[in-house]
Structures are given as C-alpha cells and as structure tokens.
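Peer 1: predicted model, plus sequence, below.
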Amino acid sequence: MQTVQDAAALRAAVRGWRNQGQTVGLVPTMGNLHAGHYSLIKLARARADRVVASVFVNPTQFGPNEDFERYPRTLAQDQAGLAEADCDVLFAPEVATMYPFGPANSVSLHVPQLTETLEGAHRPGHFDGVATVVCKLFNLVQPDLAVFGQKDFQQLKVIERMVRDLSLPVKVMAGATLRADDGLALSSRNQYLSRDERELSTQIHATLLQMRELIDKGHAWRVVEQAAASKLQRAGFEPDYAAIRRAEDLAEPADGETSGLVALIAARLGTTRLIDNLLFD
Ligand code: PAF
C-alpha cells in the first residue's frame, strides 16, 4: 500500500489505474480505524478494482466546543490496518492540502433542508464541513464509488443529496453499522467512555429496538419519541434527540405511517456524545 500526502501523488496513482481501465472506490474517514471502517474498505474492495482510503480529521466539521483537538489520531496504526485490509492507497493530507486558503476562508457547501434537523440542529455548521470536505475528496480522487457508514445516517443522506444536486459522477454506497456484542455501535468516540459509561451505553441500541417495537405495536411516533427520551434521561443520558423520521428524507412521518422509517438517537454520556440509528424495514 502506498501512503500519499499531497494531491499530485494521489492524482498520479489514480491516473495510472484509470489508464488501465480500472475503477476506483473511496472510503473517506477521520482515522482511528476500527472494524466498522474495515468493513467499508471490504465493501469498496468488492465493488471497485482499486481502493483509496482517506484519513483526515476535518477541522471544518467540528464546532468550537467539540472534540477536534482530542479526536484520536493514530495514523501509524491505521496505515498498518489498511495495508492488511488490502487498501491500495492511503491519502492522509495536511490541512493545507485540503484547505489551501485556510479552513476559515474555504469555499463552503451548504446542503439545505436535510441539514436543518437532528444533527444539523444540534451541531450548527457540521454538515457544511462534511459536505465541503467530501466534495473536495471527490474532486481529488475522482472515484467511481464512495462508501459511507450507515451509523452516520443523516450524513449519508446529506452526501447522497449533494451528489445528486451537484451531478457528481460518484455512486454513494452505504455500509451496515457494526456493533459490539452488547449492541453498542462501533465508533472512534467509544474510547472516551469510562467503564460505567460503557456499560450504560448499551441503552442506546436497546432504546432504538424498543422504539421500533412500539411503532410496530401501533403507538404514535411522537409518543414513542417522548418515551425514548425519558428512558434515556432516567438512565443517566442527556439526550439531544430520540426521533422517528422518514428514512428517505428525514421528514416527520404522517400520523399512522409505519413503513420506511428510521429511529435516530443522539445522547451525551458525561463528555461523550454518541449517535446511533435503526432502520425499520
Ligand atoms: O464520517 C466521517 O468520518 C467524516 O464525517 C467524513 C465523512 C470522513 C468527512 O470528514
């Protein structure tokens, strides 16, 4: 596996493959890779001739009081894991490569509607940063396909919308969420949890399952949302939301609508903010 930091070396590698008629898959990440990321690499590997993984902790998607500084950076470990996962190129750019005029002076993309709710409402500007960096990565790599984890469900929807709206020639693919045996969705942020918090954290997936059960039993979605938020609060979380939405566009469901839904939770445990979701169909 080749590791490249600059755009010219990346483009040269991709050009070589293109000249041989090979297809390219991209897996954008912020590093500190775990089994969830490697499952995305595996999916890209199965669908494209060549795989590029990017590792870049993107400053523009973190708010001023978020965990940009403490976000785990483990490049040597990621490099070894990616080589083992049969990745062809690791693109690990410096901030100046992705933001030649500085993060604060960058062109910024805004995907309307979808970003106004849930994560977008609680993390202002977050999806502008995500859309901007993903679009930049698409321009640099020019992949045929790109794989994103379903755990960040709203992010996936935002990227799908951006790709469609900007007519970007990239197929966006979703990789299923990987979970620990007790249900906690794998995430780089799980390592912030204390032992007690880690035990409690299983309540997020348990609550999502319960939300699905209650909807299946015919309970109104607003009542289910309230019950889920109260349950989390009682367990010691500070929930930002426990929501039932249409999976397609994250709009509120109509009364009695039960198919094509997704339950989404974001909640804080101490200083750690966890998100997860569950598709109903
Ligand atoms: O999901 C992530 O890790 C990031 O949001 C992404 C897509 C790599 C953009 O920085």
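Peer 2: The structure has been received and is ready for your questions. Numbering: from 1, shown residues only.
Peer 1: from now on I want contacts and neighbour counts done on CA atoms only, so please keep to that.
Peer 2: OK.
Peer 1: now for the residue of the chain found nearest the ligand, how many residues are close by?
Peer 2: Closest contact between the chain and the ligand, by C-alpha to the nearest ligand atom, is at residue 29 (3.6 Å). Here the count is done by other C-alpha atoms under 10 Å, and residue 29 has 20 residues near it.
Peer 1: please apply the same query to the one 4 residues further on.
Peer 2: Here the count is done by other C-alpha under 10 Å, and residue 33 has 21 residues near it.
Peer 1: so who does the closest residue to residue 146 other than its chain neighbours touch?
Peer 2: Residue nearest to residue 146 in three dimensions, not counting chain neighbours: residue 26, with 4.6 Å by C-alpha to C-alpha, 6 or more residues apart in numbering. By C-alpha atoms under 8 Å, 6 or more residues apart in numbering, the residues touching residue 26 are 44, 51-54, 141, 143, 145-147.
Peer 1: each with direction, which strands does the helix or strand harbouring residue 26 pair with?
Peer 2: In this structure, residue 26 is located in strand 24-29 according to DSSP states H and E. In the sheet, strand 24-29 lines up against strand 50-55 (parallel), strand 145-149 (parallel) (DSSP bridges).
Peer 1: if you compare those strands, which one is most tucked away?
Peer 2: Across those, averaging neighbours per residue (mean count of other C-alpha atoms under 10 Å) puts strand 50-55 on top, at a mean of 25.
Peer 1: that one near the ligand anywhere?
Peer 2: No: judged by C-alpha under 6 Å from any ligand atom, strand 50-55 and the ligand are separated, with a smallest distance of 7.3 Å.
Peer 1: following that strand, which helix or strand comes up?
Peer 2: Moving toward the C-terminus from strand 50-55, the first helix or strand encountered (DSSP H and E) is helix 75-84.
Peer 1: mind listing what's buried in that next one?
Peer 2: Neighbour counts using 16 or more other C-alpha atoms under 10 Å place 75, 78-79, 81-82 of helix 75-84 among the buried residues.
Peer 1: residue 160: which of those residues is nearest?
Peer 2: The shortest approach to residue 160 among those belongs to residue 82, at 25.3 Å (C-alpha to C-alpha).
Peer 1: distance of the closest one from residue 183?
Peer 2: 25 Å (C-alpha to C-alpha, to the nearest Å).
Peer 1: related to what we said a few turns ago, in a markdown table, list the contacts of residue 26 along with distance to residue 93.
Peer 2: Putting the contacts of residue 26 into a markdown table (distance: C-alpha to C-alpha, whole Å) gives the following:
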| residue | distance to residue 93 |
| --- | --- |
| 44 | 21 |
| 51 | 16 |
| 52 | 13 |
| 53 | 11 |
| 54 | 8 |
| 141 | 12 |
| 143 | 17 |
| 145 | 20 |
| 146 | 18 |
| 147 | 19 |
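Peer 1: near the ligand, which residues of the stretch 1-150 of the chain? Just list them.
Peer 2: 28-30, 58, 130, 134.
Peer 1: again, only using 5 Å
Peer 2: Taking C-alpha under 5 Å from any ligand atom as the contact definition, the stretch 1-150 of the chain meets the ligand at 28-30, 130.
Peer 1: buried residues in stretch 151-165?
Peer 2: Neighbour counts over stretch 151-165 (16+ other C-alpha under 10 Å) mark 151-163 as buried.
Peer 1: what do you get for stretch 83-95?
Peer 2: 87-93.
Peer 1: dump that stretch to PDB, restricted to CA.
Peer 2: Extracted in PDB, the C-alpha atoms of stretch 83-95 (Å, rounded to 0.1, in the frame of the first residue of the first chain):
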ATOM      1  CA  ALA A  83      -2.300  -2.400   4.300                       C
ATOM      2  CA  GLU A  84      -3.700  -5.600   5.900                       C
ATOM      3  CA  ALA A  85      -7.200  -4.800   4.500                       C
ATOM      4  CA  ASP A  86      -5.700  -4.600   1.000                       C
ATOM      5  CA  CYS A  87      -6.200  -0.900   0.500                       C
ATOM      6  CA  ASP A  88      -4.200   0.400  -2.400                       C
ATOM      7  CA  VAL A  89      -3.600   4.000  -1.400                       C
ATOM      8  CA  LEU A  90      -3.900   5.800   1.900                       C
ATOM      9  CA  PHE A  91      -4.400   9.500   1.400                       C
ATOM     10  CA  ALA A  92      -3.500  11.400   4.500                       C
ATOM     11  CA  PRO A  93      -3.400  15.100   3.600                       C
ATOM     12  CA  GLU A  94      -2.300  18.000   5.700                       C
ATOM     13  CA  VAL A  95      -4.800  20.700   6.500                       C
END
